[in-house]
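Engineer: What follows is a predicted protein model with its sequence.
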Amino acid sequence: MAKQANLYSFPTVEALAPALRAYVISCQEAGITRHGVFKVAVSGGSLPKTLAQALLAPPTSDADTIKWDRWEIFFADERAVPLDHPDSNYALLKAELLDKLQLPDGTTPPVVHTIDPEALDDTQELADRYEQALVRSFASRDSVKLPIFDLLLLGCGPDGHTCSLFPGHELLRETSAWVAPIEDSPKPPPRRVTLTLPVVTHAVKVAFVATGAGKKEVLKEIFEQGNGLPCALVNEGTGGRCSWFVDNAAVEGVSYPRRPFSL
Ligand SMILES: O=C(O)[C@H](O)[C@@H](O)[C@H](O)[C@H](O)COP(=O)(O)O
């Protein structure tokens, strides 16, 4: 039987953070072994804050080191706003994490692939330019069908959306683009760009982070019925390559086997 998504539940976000850190570092090491760098995409929402809690902690050993100079950071989705706008996922990640990195002298900071602020008026152009950034980093579309991220770090919305892939939206049927525009996001702001579902499910590893009691209804639906919700489609498309890091409040009453966290 095909492997299913791993569900790791922790009493608190504080307890979740070290496990998330260990998981990210294992993905980092696998990426560096594979191609010398770590290519990761991150979402907005509450994720950057939890990520900061995990990644800004001081290393406890050599093996626990975050090799920031090897990181290439992309956005799983981004809002069509200037990079210093309060709605910008880049601005959020910068404030929560990037500005707080304490890099040893001489260490190169991570490469961060932002959307092109010159193309905000036209979301199709914005998506095309971001796709070109992926092509430059991964490979041309002629030589690879889809880019392969080492890790995607995603959130889960209360309606089951992830990235800017919303339930029932036509974007879920996209089969060719790597990055797509959306003009009618039900979660504001409406104009965004997002990685498409085939790119998401093609990643080496996908991790969701979902915390708080506000998530328990939707996690019940995702794990018990699926119902074609975007997060459930990611679970189905990635199986054992997908891991959920949640707190107990988010999965209260969800009947799906939790696994003890291990790498
Ligand atoms: O730009 C966005 O809106 C996010 O990337 C989005 O996909 C987010 O990850 C979910 O809405 C979960 O957000 P919360 O973690 O805040 O619930």
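Structural biologist: Happy to help now that I have it.
Engineer: Give me the phi and psi for the spatially most central residue of the chain.
Structural biologist: Centroid-nearest residue in the chain: residue 153, 2.5 Å away (criterion: Cα atoms, centre = their mean). Main-chain dihedrals, residue 153, degrees, to the nearest 10: phi -110, psi 110.
Engineer: List the contacts of it.
Structural biologist: 24, 40, 41, 42, 43, 47, 51, 76, 207, 209 (Cβ atoms under 8 Å, 6 or more residues apart in numbering). All C-beta atoms are positioned from the backbone trio N, CA, C, and that covers glycine.
Engineer: Give the buried subset of these as a PyMOL selection command.
Structural biologist: The buried residues among the contacts of residue 153 can be selected in PyMOL (16 or more other Cβ atoms under 10 Å) with this line:
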select buried, resi 24+40+41+42+43+47+51+76+207+209
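Engineer: can the contacts of residue 153 go into JSON lines with extra columns for pLDDT and distance to residue 262?
Structural biologist: Below are the contacts of residue 153 laid out as JSON lines (pLDDT from 0 to 100; distance: Cβ to Cβ, whole Å):
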{"residue": "24", "pLDDT": "98", "distance to residue 262": "15"}
{"residue": "40", "pLDDT": "98", "distance to residue 262": "21"}
{"residue": "41", "pLDDT": "98", "distance to residue 262": "25"}
{"residue": "42", "pLDDT": "98", "distance to residue 262": "24"}
{"residue": "43", "pLDDT": "98", "distance to residue 262": "25"}
{"residue": "47", "pLDDT": "98", "distance to residue 262": "23"}
{"residue": "51", "pLDDT": "98", "distance to residue 262": "21"}
{"residue": "76", "pLDDT": "98", "distance to residue 262": "26"}
{"residue": "207", "pLDDT": "98", "distance to residue 262": "15"}
{"residue": "209", "pLDDT": "98", "distance to residue 262": "18"}
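Engineer: Filter the contacts of residue 153 down to the ones in helices?
Structural biologist: 24, 47, 51 (DSSP state H).
Engineer: The ligand next: which of those are close?
Structural biologist: Contacts with the ligand within the ones in helices among the contacts of residue 153, counted by Cβ under 6 Å from any ligand atom: residue 47.
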